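[1] Sequence first, predicted coordinates after that:
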Amino acid sequence: MKKLNHISHCVAAGCFLALVPLAARAQHAACAVSGIQRRVIRKTELSSLEAAQSKPMTSGNAIVLAHPTNSILVTTGTGDDNESYRIDGIRNPTIVIHAGASVKILFVNIDGDLPHDLRVGDVKPPDTAGTYGSVRLERARDDSYSAEEFQLQMPMPGSYNYFCSVGSHAKNGMVGRIVVLKPNASMSEMLRAK
Ligand SMILES: [Cu+2]
């Protein structure tokens, strides 16, 4: 019982990685995901959720997340451009963030036709080994969207991909980049990162 308590405390605190054997962790050190929460979002709710998001700083096709903690809402593309992502209206934006900063991602599948996911890693899509991110979210139903919320933290500077691992979606363009800069990178370095 004591052990169980410890595990549930650990999961609640978001430190479940501590329970993963060391060998398995070594290859996954590029990112960490915590606080995963499945959600169902009513279609009528989405615009108010979008309005509640603080406007991210942008630089061309990049979204610059300059705070220690950040929050973004990611949806799938609309209409016949459903094999793509949207963040703040930008198609497949590059996400620029400091190493060690965190971003809370609310990923919503607004596509009425196909399931989608959002995986993150330093891999070549659609290889998902060693990636982190959402499960496959089923297609939108009459009045609700399938969604998942999670916290992403990338401790190592580098260039990563986010992509959909369903079918040939990534190959068809459902992919973007995450540029992780060193923790002391200046604002102008962030704005220049592409
Ligand atoms: Cu997809």
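    Now that the structure is in, tell me what you want to look at.
[2] going forward, measure contacts between C-alpha atoms and count neighbours the same way
    Fine.
[3] Tyr162 and Val179 touch, don't they?
    No: contact criterion CA atoms under 8 Å: Tyr162 and Val179 do not qualify, at 10.6 Å.
[4] which of those two has more neighbours?
    Tyr162 (28 against 22; other CA atoms under 10 Å).
[5] On the pLDDT front, check that one for me.
    Looking at Tyr162, its pLDDT is 97.
[6] which SSE is it in?
    Using DSSP states H and E, Tyr162 maps to strand 158-163.
[7] And that strand, what's buried?
    Ser159, Tyr160, Asn161, Tyr162, Phe163 (16 or more other CA atoms under 10 Å).
[8] List the residues that contact the third one.
    Listed by CA atoms under 8 Å, 6 or more residues apart in numbering, the contact partners of Asn161 are Val120, Gly121, Asp122, Val123, Lys124, Pro125, Val175, Gly176, Arg177, Ile178.
[9] Restricted to strands, list these.
    Per DSSP state E, strands hold the following members of those: Val120, Gly121, Val175, Gly176, Arg177, Ile178.
[10] Let me see the domain layout of the chain.
    Annotated domains of the chain cover 1-28, 31-192 [automatic domain parsing].
[11] Of those domains, flag the one that's most buried.
    Of these, the one with the most neighbours on average (mean count of other CA atoms under 10 Å) is domain 31-192, at a mean of 19.
[12] what residues does the protein put near the ion?
    By CA under 5 Å from the ion, the part of the chain that sits against the ion consists of His116, Cys164, His169.
[13] with those in mind, which one is nearest to the ion?
    Proximity of the residues of the chain next to the ion to the ion (CA to the ion) peaks at His116, which lies at 3.7 Å.
[14] Tell me what that closest one is bridged to.
    Leu137 (DSSP bridges).
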